[in-house]
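> Below are the sequence and a predicted model; questions follow.
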Amino acid sequence: MVRAPCCEKMGLKKGPWSHEEDRVLIEYVTKHGHPNWRALPKLAGLLRCGKSCRLRWTNYLRPDIKRGNFSKEEEDTIIKLHNLMGNRWSAIAARLPGRTDNEIKNVWHTHLKKRVKSNPNEANPSEFQQTSEESKPNGTESSPLETDSSSQMSYNQIDSPQPSSTDTSSPTTSTNDNLCMDNMVFENFPEMDEEFWSEVFSDDNSGEFLAVDENVGQHLIGCGFESSLHDDMNFWFNVYTKGEEV
DNA sequence: AAACAGCGCAACCGCAGAAGG
DNA sequence: ACCTTCTGCGGTTGCGCTGTT
């Protein structure tokens, strides 16, 4: 049987989301979660296909999304991870809490690709493979990543994603900010009507919201995002690091 | 001030894999 | 074991904004 087109039904809306649609979607997901994206728009009263709703939610409306410019550290991280993993945007996004694969993909294509092209050294992944004492940077060329603890975020953080309080200051956003979102959860929604958010999260207690999305909940709890989310990543990191060692 | 070009970002499309019956 | 449905992912597109001429 041939798969039905995503938006086969006439009358389903496409294109940019209106504020009202956003509001309806957020309200619905907040209250009921998203056990079935396909059925969601009908239940929520949206003239969108489930796919569109899911995309809108994951790329834009999720409360744990960090908006705004990418810091230098984040960009460096993306470059290096891309060098390791290629176009596995979701995997890269898993390393950058608060960033979506779509966003990272966009940044890569618009900025970072050119940057790497003009300066291939930036993509040198060596530091990501330095998982043991024997391979410390010897102070030669130090990328921004190497100058602070974010370099260790690389793969060590997989096992112990503890928020570091000893980060050296960074010219832009602090590394902690990038990798742990203790403070950003509900504060980074300039696009959203703040009134709306306060409404949603006061009407429905946040506990209920935590049940909505496991990952969101983990973030809200406070950087406890290491578990299932990164299992796959651990595998790949192991592959890469082991491969390098051999 | 207008026209044009380039850039950035949100959204769509189609495929692949997972899950369920 | 097979089939169907659903979800997730990566590639691509299109539109609006901004800078330049």
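Nice, I can see it.
> Please list the residues of chain A that sit near DNA strand C.
Residues of chain A lying close to DNA strand C (Cβ under 7 Å from any atom of the strand) are A:1, A:3-4, A:34-39, A:50-51, A:54-55, A:87-91, A:101-102, A:105-106, A:109. Just so you know, the C-beta spots here come from the backbone N, C-alpha and C atoms, and that holds for glycine as well.
> Could you pick out the buried ones from the residues you listed?
Among the residues of chain A next to DNA strand C, those scoring as buried are A:34, A:37, A:50, A:54, A:55, A:88, A:89, A:91, A:101, A:105 (criterion: 16 or more other Cβ atoms under 10 Å).
> picking up where we left off before, filter the residues of chain A next to DNA strand C down to the ones near DNA strand B?
The subset of those within reach of DNA strand B, by Cβ under 7 Å from any atom of the strand, is A:3, A:51, A:55, A:102, A:105, A:106, A:109.
> from those, which has minimum pLDDT?
Of all those, residue A:3 carries the smallest pLDDT score, 37.
> Map the structural domains onto the sequence of chain A.
Following the assignment in automatic domain parsing, chain A carries domains at A:19-65+A:192-222, A:72-130+A:143-184+A:225-245.
> What residues does chain A have near DNA strand B?
Counting by Cβ under 7 Å from any atom of the strand, chain A sits next to DNA strand B at A:3, A:5-7, A:13-17, A:48, A:51-52, A:55-56, A:59-60, A:67, A:69, A:102-103, A:105-107, A:109-111.
> Emit the PyMOL select command for whichever of the residues you listed are buried.
Here is the PyMOL command that selects the buried residues among the residues of chain A next to DNA strand B (16+ other Cβ under 10 Å):
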select buried, chain A and resi 7+17+48+52+55+56+60+103+105+107
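> I'd like to know which of the residues of chain A next to DNA strand B are part of strands.
Judged by DSSP state E, those include no members of strands.
> Can you get me the start-to-end distance on stretch A:51-61?
14 Å (Cα to Cα, to the nearest Å).
> which residues touch that stretch?
With contact meaning Cβ atoms under 8 Å, 6 or more residues apart in numbering, stretch A:51-61 is reached by A:6-7, A:14, A:17, A:21-22, A:25-26, A:29, A:34, A:37, A:40-41, A:44, A:46, A:48, A:65, A:100, A:102-103, A:192.
> Give me the pLDDT value at residue A:100.
The model reports residue A:100 with a pLDDT of 90.
> and it, what does it touch?
Taking Cβ under 8 Å, 6+ apart as the test, what residue A:100 contacts is A:58, A:59, A:65, A:93.
> Look up how far residue A:16 lies from the first one.
Yep, that's residue A:58 we're talking about. To residue A:16, residue A:58 is 16 Å away according to Cβ to Cβ, to the nearest Å.
> Residue A:103 now?
17 Å.
> got it, and residue A:83?
34 Å.
> How about residue A:54?
Residue A:54 is 16 Å from residue A:16, by Cβ to Cβ.
> No more questions from me, cheers.
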